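Engineer: Turn this into a model:
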Amino acid sequence: MSLVQHITQIEGVDRQEALVDLFLPLLERQPSIDRVSERRLSFESAVSGKGKSIRRVISYDALKEPEELPATENLTGGVTPYKISNARRFAQVVTTVLACWFASGICFGFAALKPILIKEGVFSNLCTKEEIQKGVEVCFEQDLRLNFFFSLASTTANVSALPIGTLLDRYGPRVCFLAGCLCIAVGSVLMSLAFQIEEFDGYTIGNFFLALGGTFIFLPSFQIANAFPKYSGLIVAVVTGAFDASAAIYLFYRLAYEATGGSFNPQTFFLVYLIVPVFIALAQLTFLPVESYKNAPQLEMKLQHAEDVTRDLHSSDDELPDEEVWRRRKTRSARRSKRMRKLDKLVGDAEERKHKEEAEEHRQEVAGVWGALHQKPAHEQMMSPWFIFLALLTVLQMIRMNYFIASIRQQYEYMLNSPTKAVLINDFFDWALPIGGVISTPFLGLMLDNISVPGYLTIIITITTIIGVIGSIPALWAGYINVVLFVFLRPLYYSAMSDYATKVFGFATFGRVYGTIICVSGLFNLVQPGLDALRKSTFDGNPTPINLLLAIAGFVIGIALVVYVSVQTYRMHKKMDDEDAITVTNTEADSVMESLLEEDEPRDYGSFAPNRTLSPWNND
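Structural biologist: Numbering: from 1, shown residues only. Got it, this is the predicted structure:
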């Protein structure tokens, strides 16, 4: 699975100044310890960029240097949503979700497709005569090649996010959607031809194009959340759930394949599947947005302009008659009020916006680490333990998850010593993978918003450790529990890591920092066939040693990450508390000094007393 598939926020706030106001004049600091959290997490000037934080939108462009002020300050970019009818925007959201459902991540349904590939004899030419005589279901080299078929696709989904993200930021969603349709169409044709022409080995390259096209479709889909800004969080969750559901495409095809006794063969399926890229392309060329909608920071700036009554006054008014000036100013005021009402309907009224800001402040305060490295350049962030531990843990978890997807049936066939029971586990996994992702997605946001970063890291390490233990127990019940934990952990891990990246590193460097993790983990994902070869040759098919080794390595690195983040969180809070105490003490001392000075001064100091003369010669 690609790390970019679960993004908890597409826009948020980066800290611009130091964690505390050490360099502010004493009288400008908050005088009361009761308002410490407000001082730390102030949203004042969040849009203007002059305060302690600045609102940014995630950029996936790993090549572009982050700007001092975000591009969202340019009000001319994007389309204001209220200029498009509600019906059309709703149709755009529905179509984008359907596109994600049918195209974004079908390669991750490999566990459901693999039995069909085996029955169709894909790569069976790699089997030895001895293996054929024994009548093995899948031979050694064939299994390795099939698993490479998947590992290359999962690597493509990760690594391609960088160049595709750059294209998205620079050329917009239309280019990405059309490129995705082309890739999916090419992949479908290659897969169909590979099943029709025995001499043509187009399976792996065909699956490569399907994975590439899926990322092209999915990455720009997040931007459709700006069509209805008040419901952007819900739309992001639905789009993410659609990606998880796309793994079920191969499951539905396998059911149709088995129901028809194999007559609905793969070459026919992949030709029929061409309907999907054709539908998406037609939708993009007709009613899907040509350019992105204005994001929340841009709309907030427009709202600020609409609320500014001084914009009704123009310098040229002085040259007009009074009646004409009144008429023009009234027209401008009416136009501004109308625009403000439309914006209120889009982003919510003042009370709703305040509630949203308070919720964002709550997220940041609960996180405990928000703004830790927001002011650092990307290369310094990537040299810190914050990044190194996260990258190492993600590499290991990526390998574990995709290795499990690729070899679940073979693992349980050995552990349970029963092909029938292994099929039961595999079938349960095929259903649980998409359903678990869809069901868990709405709850992940609540969890990440209300649990500190050290807290949810501890939960993740606990679950991965339990999976390592449960996955080593050769029992049917243990297999079912292992699958349930896995399908919950998978979306949780990827959502948590993107949440960690935005809170610790910030939105400004997200493309570079998180893109590096995507590349590294994706490239290491190619070791899956090597692990499978090790399982079959050195351990005689026993998956337990490899699973335990990966679990132990993940546990050690995970504990190191949790301990480091916990210690840094404690230090940050202690430092802020100490500095807050200094701030309050100095402010109180300053107030005392002012009071003493006032007592020494005459009551009428600085004012014109009625019984005194202004003459400098008056000595009375």
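
Engineer: Give the full set of residues in contact with the residue lying closest to residue 201 once chain neighbours are set aside.
Structural biologist: The shortest distance from residue 201 to any residue other than its chain neighbours is 6.5 Å, reached at residue 194 (C-beta to C-beta, 6 or more residues apart in numbering). In this view, the C-beta of every residue, glycine as well, is placed from N, C-alpha and C. Residues near residue 194 by C-beta atoms under 8 Å, 6 or more residues apart in numbering: 200-203, 206.

Engineer: please redo it, this time with the cut-off set to 10 Å
Structural biologist: Residue 194 sits next to 122, 200-207, 266-267, 270 when contact means C-beta atoms under 10 Å, 6 or more residues apart in numbering.

Engineer: now the strands: where do they sit in the protein?
Structural biologist: For the chain, strands defined by DSSP state E occupy the ranges 11-15, 53-57.

Engineer: pLDDT averaged over the first one - what is it?
Structural biologist: When pLDDT is averaged over strand 11-15, the result is 71.

Engineer: which ones among the contacts of residue 194 are found in helices?
Structural biologist: Those of the contacts of residue 194 mapping onto helices are 203-207, 266-267, 270, per DSSP state H.

Engineer: Using PyMOL, define a selection of the buried residues within the residues you listed.
Structural biologist: Entered in PyMOL, the line below selects the buried ones among these, by 16 or more other C-beta atoms under 10 Å:
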select buried, resi 203+204+205+206+207+266+270
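
Engineer: now, which of the ones in helices among the contacts of residue 194 sits nearest residue 256?
Structural biologist: If you rank those by distance to residue 256 using C-beta to C-beta, residue 266 comes first, at 11.1 Å.

Engineer: if you skip the residues just before and after it, what's nearest to the closest one?
Structural biologist: Closest to residue 266 by C-beta to C-beta, 6+ apart is residue 195, at 4.7 Å.

Engineer: count of neighbours near that neighbour?
Structural biologist: 22 (other C-beta atoms under 10 Å).

Engineer: now the closest residue to residue 448 other than its chain neighbours: how far from residue 333?
Structural biologist: Closest residue to residue 448 apart from its sequence neighbours, by C-beta to C-beta, 6+ apart: residue 499 at 4.8 Å. Distance, residue 499 to residue 333, by C-beta to C-beta, to the nearest Å: 43 Å.

Engineer: The two: which has the busier surroundings?
Structural biologist: Using other C-beta under 10 Å, the more surrounded residue of residue 499 and residue 333 is residue 499, with 24 against 13.

Engineer: Now do that one, the pLDDT please.
Structural biologist: Looking at residue 499, the pLDDT reads 86.

Engineer: Residue 456 is in contact with that one, correct?
Structural biologist: Yes: counting by C-beta atoms under 10 Å, residue 499 does reach residue 456; the two are 8.0 Å apart.

Engineer: Give me the common contacts of those two.
Structural biologist: In contact with both residue 499 and residue 456: 367, 444, 447-448, using C-beta under 10 Å, 6+ apart.

Engineer: Can you get me a residue count around residue 260?
Structural biologist: For residue 260, the neighbour count with other C-beta under 10 Å is 11.

Engineer: my bad, residue 286
Structural biologist: 8.

Engineer: Show the contacting residues for it.
Structural biologist: residue 95.

Engineer: repeat for residue 538
Structural biologist: 545-546.

Engineer: Could you measure from it over to residue 530?
Structural biologist: Taking C-beta to C-beta, one finds residue 538 at 11 Å from residue 530.

Engineer: same deal with residue 420?
Structural biologist: Applying C-beta to C-beta to residue 420 and residue 530 gives a distance of 29 Å.

Engineer: And the two? Which one has more around it.
Structural biologist: residue 530 (12 against 8).

Engineer: in the stretch 51-200 of the chain, which spans are helices?
Structural biologist: 86-103, 110-119, 129-134, 140-159, 161-171, 173-196 (DSSP state H, counting those that start in this stretch).

Engineer: What does the pLDDT read for residue 122?
Structural biologist: For residue 122, the pLDDT comes out at 91.

Engineer: ok, it touching residue 206?
Structural biologist: No: counting by C-beta under 10 Å, residue 122 stays clear of residue 206, with 11.2 Å between them.

Engineer: shared neighbours of those two, which are they?
Structural biologist: In terms of C-beta under 10 Å, 6+ apart, residue 122 and residue 206 are both contacted by the residues 149, 194-195.

Engineer: quick check, nearest of these to residue 568?
Structural biologist: residue 149 (41.8 Å).

Engineer: what sits against that closest one?
Structural biologist: With C-beta under 10 Å, 6+ apart, residue 149 has these contacts: 107, 110, 113-114, 117, 122-123, 203-208, 406, 529.

Engineer: just residue 193 next, same as before
Structural biologist: 200, 202-203, 206, 267, 270-271.

Engineer: let's see it at 6 Å
Structural biologist: Applying C-beta atoms under 6 Å, 6 or more residues apart in numbering to residue 193 gives the contacts 200, 202.

Engineer: And it, how far from residue 263?
Structural biologist: Distance of residue 193 to residue 263, computed by C-beta to C-beta: 19 Å.

Engineer: Same question for residue 122.
Structural biologist: Applying C-beta to C-beta, the value for residue 122 to residue 263 is 18 Å.

Engineer: cool, and residue 231?
Structural biologist: Counting by C-beta to C-beta - residue 231 and residue 263 are separated by 44 Å.

Engineer: Give me the phi and psi angles of residue 452.
Structural biologist: phi -70, psi 160 (degrees, to the nearest 10).

Engineer: mind listing what the closest residue to it other than its chain neighbours touches?
Structural biologist: Spatially, and ignoring its direct neighbours in sequence, residue 452 is nearest to residue 368 (4.4 Å; C-beta to C-beta, 6+ apart). The neighbours of residue 368, taking C-beta under 6 Å, 6+ apart as the test, are 452-453, 569.

Engineer: where's residue 368 relative to residue 358, distance?
Structural biologist: With C-beta to C-beta as the criterion, residue 368 and residue 358 are 18 Å apart.

Engineer: now do residue 399
Structural biologist: 41 Å.

Engineer: What pLDDT does the model give residue 543?
Structural biologist: Value listed for residue 543 in the pLDDT field: 92.

Engineer: Any stretches of the stretch 151-300 of the chain with poor pLDDT?
Structural biologist: Scanning the stretch 151-300 of the chain for pLDDT under 70 picks out no residues.

Engineer: Repeat the analysis, applying 80 as the threshold.
Structural biologist: Across the stretch 151-300 of the chain, the ranges flagged by pLDDT under 80 are 198-199, 233, 295-300.
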